[in-house]
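Chemist: next comes the sequence, and after it the predicted model I'd like to discuss.
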Amino acid sequence: MSFNLSGLSTYTDQLSTDLISAALLKSYSVNMLTLRAGLTAGTTAINVLNSTVDIKDSTCGFGSGQTGSNSTNFSQIDLVVQSKMLKEQLCPEDLRTYWLSSQLSPSAYLESVPFEKMIADNKVNNIAQYVENTVWQGDGANLDGLMAQITVANGAVDGTAYAGPLAVNTADASIWGLISLLPNALKQEDDLVMYMSYSNYAIAVQALQAKGNAIIAQYPNISNAAGVMGASSFVYPGTNVTIFAAGGINDDAAIFLGPKKYCFFGTGLLDDQDKFKFYYDPSQDIVNFMAKFRLGTAAYASQFVSTLA
């Protein structure tokens, strides 16, 4: 294998869509949200339908006594999507030095993976981490993250009494307390997720371990013999709620519980506006990198329990 800058350009030209898709969708949190692809930059209205039924004994007619208190409510939440970009210039000599050092490495991975894939994968991981953080924290300017959207002030059920950080001896009571606050109509949903920080997740795992081997044995991937955390999600015993560690949640006080279907991640991906490309400019003797993508989040806050006011 030789050092070839043109190979880097060819590689990203051929796999641009796959690479930017991997960057946007690699985030663990994105996989625990409802994906809306094919969106353009701007505001997209997401239609939400809720209804209640009041079943009566069968009679003729449509009078008030027959229709009861049935209701069908149509509402919308706004999913704001913004275009983002990353541009960087890389010195060919720096890349050459990196390539040479990789050839001297004893790692089988480095020996078997093409140089262009190593560089591209590094950028994919960088963007994926940005996406993970932005989903929850926003971008600090124009995009609100889910932590700012799923709040009591925005209509979520008040779960502030169970705000983190969790503690091993009380985590079980806190988790059950949050579940108890869910409206009965939501408790039977099959996509309930309790989103929390990695720190709180680790405490939840320890609380599970404290229940004894009979319980923890049902979760072979959650921790090893030394108690080191493994998987990033598990279904809490006796419930239909998935406990999920969201890397982008940077506030241990924040815990959110609700159906995945009402938590949205919006992006493009279905056209050529999202790009991931390296190209060498011989006139400047520089390698240019450019990534362009779109992202945004939205949540139907009233369908969640939140520990944030």
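Modeler: Sure, I can see it.
Chemist: so what's the residue count around Ile46?
Modeler: Ile46 has 17 neighbours, counted by other C-beta atoms under 10 Å. For the C-beta atoms, the positions are set from N, CA and C on the backbone; glycine is no exception.
Chemist: pairing partners for it in the sheet, please.
Modeler: Using DSSP bridges, the bridge partners assigned to Ile46 are Ile77.
Chemist: distance of it from Phe265?
Modeler: 12 Å (C-beta to C-beta, to the nearest Å).
Chemist: next one: Thr134
Modeler: Counting by C-beta to C-beta - Thr134 and Phe265 are separated by 10 Å.
Chemist: what touches both of Ile46 and Phe265?
Modeler: The overlap between the contact sets of Ile46 and Phe265 (C-beta atoms under 8 Å, 6 or more residues apart in numbering) consists of Arg36.
Chemist: ok, which stretches of the stretch 1-150 of the chain are helices?
Modeler: 5-25, 64-67, 92-104, 108-112, 115-137, 146-149 (DSSP state H, counting those that start in this stretch).
Chemist: any idea of the mean pLDDT in the second one?
Modeler: With pLDDT averaged residue by residue, helix 64-67 scores 60.
Chemist: neighbour count: Thr134 and Phe265, which is higher?
Modeler: Higher neighbour count among Thr134 and Phe265: Phe265, with 25 against 22, using other C-beta under 10 Å.
Chemist: so the more buried one bridges to which residues?
Modeler: Going by DSSP bridges, Phe265 forms beta bridges with Leu35, Thr297.
Chemist: how about it, what does it touch?
Modeler: 29-30, 33-36, 135, 295-297.
Chemist: can you do 7 Å?
Modeler: 30, 33, 35-36, 135, 297 (C-beta atoms under 7 Å, 6 or more residues apart in numbering).
Chemist: where among the helices of the stretch 1-150 of the chain is average confidence lowest?
Modeler: Among these, helix 108-112 scores lowest, with a mean of 42.
Chemist: relative to Gly138, how far out is Ser233?
Modeler: Ser233 sits 23 Å away from Gly138, going by C-beta to C-beta.
Chemist: could you tell me which residues touch both of Thr134 and Phe265?
Modeler: When C-beta under 7 Å, 6+ apart defines a contact, no residue borders Thr134 and Phe265 alike.
Chemist: give me the phi and psi angles of Lys260.
Modeler: Backbone torsions for Lys260, taken as degrees, to the nearest 10, come to phi -60, psi -30.
Chemist: show me what contacts the closest residue in space to it that isn't next to it in sequence?
Modeler: Distances taken as C-beta to C-beta, 6 or more residues apart in numbering put Asp191 closest to Lys260, at 4.1 Å, once the chain neighbours are dropped. By C-beta under 7 Å, 6+ apart, the contact list for Asp191 reads 259-261.
Chemist: please apply the same query to Gly155.
Modeler: 301-302.
Chemist: quick check, nearest of the contacts of Asp191 to Asn240?
Modeler: Distances from Asn240 to the contacts of Asp191, taken as C-beta to C-beta, are shortest for Pro259 (10.7 Å).
Chemist: ok, the closest one - how many residues close by?
Modeler: Look at Pro259: counted by other C-beta under 10 Å, it has 17 neighbours.
Chemist: good, we can wrap up now.
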